[in-house]
Each structure stands twice: as C-alpha cells, then as structure tokens.
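Visitor: below are the sequence and a predicted model for it; my questions follow.
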Number of protein chains: 2
Amino acid sequence: MSLSGIFPIDRWNFTTQSILNTLSEEEYAELVANQSDQKYLKGDVIFREGSVPAGIFLIRSGKVKKYKVDNLAKEQIIYVANHGELIGYHAVLSEERYPDSAAAIEDSLISFIPKEDFISILHRSPVFTQRLLKALSHEFTVLANTISVIAQRTAPERLAIALIVLREKYKDEESGEKDIILNVSRMDLAGMAGIAQENVIRLLKEFKAEGILESDGRKILIKDIKRLIKKSNYR
Amino acid sequence: MSLSGIFPIDRWNFTTQSILNTLSEEEYAELVANQSDQKYLKGDVIFREGSVPAGIFLIRSGKVKKYKVDNLAKEQIIYVANHGELIGYHAVLSEERYPDSAAAIEDSLISFIPKEDFISILHRSPVFTQRLLKALSHEFTVLANTISVIAQRTAPERLAIALIVLREKYKDEESGEKDIILNVSRMDLAGMAGIAQENVIRLLKEFKAEGILESDGRKILIKDIKRLIKKSNYR
DNA sequence: TTAAAAAACTGATAAATATCAGCTTCTGCG
DNA sequence: CGCAGAAGCTGATATTTATCAGTTTTTTAA
C-alpha cells in the first residue's frame, strides 16, 4: 500500500483501525457493554499528558491529534488518529500515566471503554492480543520514521510530508480520489511538521505559487500530489 | 525510578530487559534451543534497514545502537539497547522489513533466535505475551518523548540529555555509582542528539570548561550530573 | 449582531546551527 | 614500526529557521 508507488504511506499510520474486527460478536458486545459515547468539539481535549488512564477510547467519527506540549505553548504532534482507531491504550497496557495528550482536530464522536473491559477481552481473545502486538510493533516503524524525519529533513520537506500524510487521512471521507480537501489549522500543521507557524504560512504560500496546492482559509486542496511528493524528497 | 529525583530516566529506556524472566525454565530452554551466538566488534552491523527479519537478537553483553540513515551519511540514533535487551522483534511481530538498522557501539556478544521459536513461545506463554505488550506500550512513551525532545529542544539541551541517558546505560558496568565513564564517539553523540558532529565537539568543550565533565578521547566522565540535568532543562 | 479573541499573515531581524576547509591527533593494520 | 585512514578539532562563513512586532482577517460567543 504505497502512495503513487513512491511515498511509503504505511510508514505513517498505526494499524488499530481493523483490530476490533478480530473479535467475535460476543466479545465485541462485551467490550462495548459499558462504553459511553461522548461528542468532542474541535479543539476539545480528550486526555492530558500525566493523568491516569481509566480506559481506552474508540474514535467513532472525526480525527484526533496526539501531542506533547513543551515548556508551555509549542505543541509537537506525534500522530493523527482517524475514525475507527483506538487511542489511549498504551498507557493502560504499560500501566503508566498518559505520555501525551489527545485532542479533537475536528468534531468527533468517541466511545470510552473502561480499562477493565479492555483487559478482560485481551485475556479472553488470543487473536485480539496477537493483532494488538502486531499493531504496537508497527507503531515502532511509524515513530522511528517520524524521529528520523524531524531530525534530518528541512522545513519545506517536513511540511510537504505532513500534507501528504494528512491528505491520506482525509481521503476516505471524499467519495472520489480526486480533490481531497484538508481542513486543518496553520498551528496544527506547524505542530505536525515541527516548525514555526509563521513559516508554515510562508511555505504554504510558496507551494501555492508553484501550483502545488490551493487554499482558502483552513481548507487546503492539493492539486499536484506528485510535485508535493517530489518536494518532500522522500524515498 | 527517577534519576536524582528530577530526570525521568524511565522515559528513555525500553523494558525488554526483564521480559525473559517471565518464562519458565522449559520455555526458556525451548526459546534458546536453536540460538546461535555471535561476537560483534564495535561498529559491526547486526541488521540493516529494509532487510527481511529471520529472527530476534538477545544482547548477552555489550551495547547496540538502533538508527536510521538519511540520504546517505547522517545517521539518527533512535535508541541504544543494553545487555539483556531484545532487539529486532518489532519487525518479526509486525511482519515487516526492518524499519531501522542496528550496530554494535561496543564489542558485543549477541544470540540470534529464529523467529519460529520466538513466535512459538509467544503462543505458548500468555504471561510472556502480556509482558511483551506492556514493553511495547512503554516504547510508545520512549519514542514520543524522543520526538518531542528532538523537535523542541536546543542543541545543548539535546546533548545534555544524550549524556544523561548514556550515563545511565553505562552505570551498571561500574561497581560504584560514582565516576561513571562513558565510552562513545563524537559521531554517535551527534547521532543521538541529532546535531552536527562539529557542534558536539564545541558543546563538549563548553561543558568541560564549566566543570560539568572531563574527557579523554572517547572516554567521558560526568563530574557534575546535577548541573548537567539543569543544562538539559528537563522536567 | 457585534465586540472580543483567536488565527492568519507580513516584513524585518536575530539566533541557532550547519557547512566548509583545513589541520591535528589518534588508531589499527600490514 | 610506520603509514593511511579515520576521528577529532578549529575558525570562518553560510544558511536555515525562529522570533518579534505589528496588521488584517476570521471565528466565536455574548
């Protein structure tokens, strides 16, 4: 599953989306028996770094950023989770406090599942456990990839990569493959690419001038994905 | 387990060291039945990014860096694994190629365990599986931490952090807690901190002038860990 | 509806860090 | 032992990116 045959998009996505499919009907029913749904508006915090986890979250719809905040202000986005994905399970499994924070980057509907139910299913279903092991192992790939990009790529390259990755996350919402419109703030782009917000704006302007994308406020339309990939310098 | 009560060292170490202790004697015997030991000299590559895993590695003695190389040359170190730790299991579990490379940073004795044996034990021992889940979940903490440090900290801070982390890895080899001597090249320090080698040299000189450390070639003695922690600006 | 707040944007400047070129000192190997 | 190559080191310079101080526009909420 490689974007345009060149950009290894699988290196940028966790794989918790399909995990729940491994559960039998009964198991799934038990998992969600005590769930509680909650609507989060854009910007709402779901959990905060340092707090104690009481369960896990299943994103029914919407998108969520996982991020770490430095000495106040500047936030670095670690990962953007899409609908269908689980979040907050690391801290439950490692029996630690949350290592990062999570917030909705668009209006989202999210189910909370008490940790006891999650652990119980884990003990019950070996297949589920295996799939979770696989997903967690893949996350190493994703995060190692992120580390090397942030450490070694230039600002324009990192922004290009952030846009390519986001495009993929926004893809499934549109019916056709063409004209995928991202809806993301300059600040979140800055947080993903690890660059200053002002520079995101300047770089977006450049990309626009080069005909790579169009933008109207937070709506960004990527017109020339191939040139964007070239810009990202990724192989 | 917090260094001097201020630096959260547990945020910098994977926890595969004690995993094998969860195995019964029989299980352990089966795991290592087909192992083959190999000696790696400093600098020797253990596996390379992009190749297909055939098994996992147990570091009997020595230290190993896991790293990713950019468009030739510059390498970013993702993690330094110590004796007792397992490496190379992510790729086996996720059924992917290695996402990173591994090389010995000191002479090391390493056992290779065929992936079939590893998987077999995994299916056999639920406790082992649980502990592995826990370890993998904890790795998210470590890697997210690394991402935010590389993205948000200055070069002197990152170098200070690299030194603090390495000090902990070299600790157990010395009998006393005092006078821990690191043995690491400028290049590897540059790779860990994500800065240019020349700047590592300059910064080390500064730290030296400030009385924080002493160095003789690759041997680095941290004299004032408290000042180093202050320098790292970590909370 | 409108005032206030937040986000987007701009240009100028400062700071941090990389790069380059050359030199010196180690280190390992024939 | 000596030599070649690697690693360590230095100073000068270039480049990148952040920061600052505003202005304009958009969004939010009373």
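Guide: Arrived safely, thanks for sending.
Visitor: for the spatially most central residue of chain A, name its beta-bridge partners.
Guide: For chain A, the residue nearest the mean C-alpha position is residue A:80 (1.5 Å; CA atoms, centre = their mean). Partner residues in beta bridges with residue A:80, using DSSP bridges, are residue A:65.
Visitor: that one against residue A:168, yeah?
Guide: No: in this structure, residue A:80 is not within contact of residue A:168 by CB atoms under 8 Å, at 10.0 Å. C-betas here are computed from N, CA, C, even on glycine.
Visitor: name the single longest helix found in chain A.
Guide: In chain A, ranked by residue count with DSSP state H as the criterion, the top helix is helix A:126-152.
Visitor: contacts for the helix or strand following it, please.
Guide: Past helix A:126-152, heading to the C-terminal end, the next element that is a helix or strand (DSSP states H and E) is helix A:155-171. Residues outside helix A:155-171 that contact it (CB atoms under 8 Å, 6 or more residues apart in numbering or on different chains) are A:3, A:7, A:9, A:12-13, A:63, A:80, A:82, A:149-150, A:153, A:177, A:180-184, A:189, A:192-195, A:199-200, A:203-204, A:206-207, A:213, A:220, A:222, A:225, A:228-229, A:231-234.
Visitor: kindly recompute the last result at 6 Å.
Guide: A:7, A:9, A:12, A:80, A:82, A:180, A:182, A:189, A:192-193, A:195, A:199, A:203, A:222, A:228, A:231-233 (CB atoms under 6 Å, 6 or more residues apart in numbering or on different chains).
Visitor: ok, stretch A:187-198 next?
Guide: So stretch A:187-198 is in contact with A:75, A:76, A:77, A:105, A:150, A:155, A:158, A:159, A:162, A:186, A:200, B:151, going by CB under 6 Å, 6+ apart.
Visitor: got a ChimeraX select line for the buried ones in these?
Guide: One line in ChimeraX is enough to select the buried ones among those; burial here means 16 or more other CB atoms under 10 Å in any protein chain shown:
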select /A:75,76,77,105,150,158,159,162,186,200 /B:151
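Visitor: list the contacts for residue A:114?
Guide: Each residue near residue A:114 by CB under 6 Å, 6+ apart is listed here: A:34, A:55.
Visitor: please name the bridge partners of it.
Guide: When bridges are taken as DSSP bridges, the partners of residue A:114 come out as residue A:55.
Visitor: narrow the contacts of helix A:155-171 to those that are buried.
Guide: Restricting the contacts of helix A:155-171 to buried positions leaves A:7, A:9, A:12, A:80, A:82, A:180, A:182, A:189, A:192-193, A:195, A:203, A:222, A:228, A:231-232, with burial counted as 16+ other CB under 10 Å.
Visitor: so of those, which ones are in strands?
Guide: When these are checked against strands using DSSP state E, the ones located there are A:80, A:182, A:222.
Visitor: pLDDT weak spots in chain A?
Guide: Applying pLDDT under 70 to chain A flags residues A:1-2, A:72, A:173-178.
Visitor: 80 instead?
Guide: Counting by pLDDT under 80, chain A contains low-confidence residues at A:1-5, A:71-73, A:172-179.
Visitor: picking up where we left off before, which one of the contacts of stretch A:187-198 is nearest DNA strand C?
Guide: Proximity to DNA strand C was ranked across these by CB to the nearest atom of the strand; first place goes to residue A:186, at 3.3 Å.
Visitor: quick one: residues contacting the closest one.
Guide: Applying CB under 6 Å, 6+ apart, we find residue A:186 in contact with A:197, A:200, A:201.
Visitor: redo these as CSV? Include distance to residue B:38 and secondary structure.
Guide: Rendered in CSV, the data for the contacts of residue A:186 read as follows (distance: CB to CB, whole Å; DSSP: H, G, I helix; E, B strand; the rest coil):
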residue, distance to residue B:38, secondary structure
A:197, 50, helix
A:200, 48, helix
A:201, 53, helix
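Visitor: close to DNA strand C as well: tell me which of those residues qualify.
Guide: A:197, A:201 (CB under 7 Å from any atom of the strand).
Visitor: quick one: which of the contacts of residue A:186 is nearest residue A:132?
Guide: Taking CB to CB as the measure, residue A:132 lies nearest residue A:200 of the contacts of residue A:186, at 35.1 Å.
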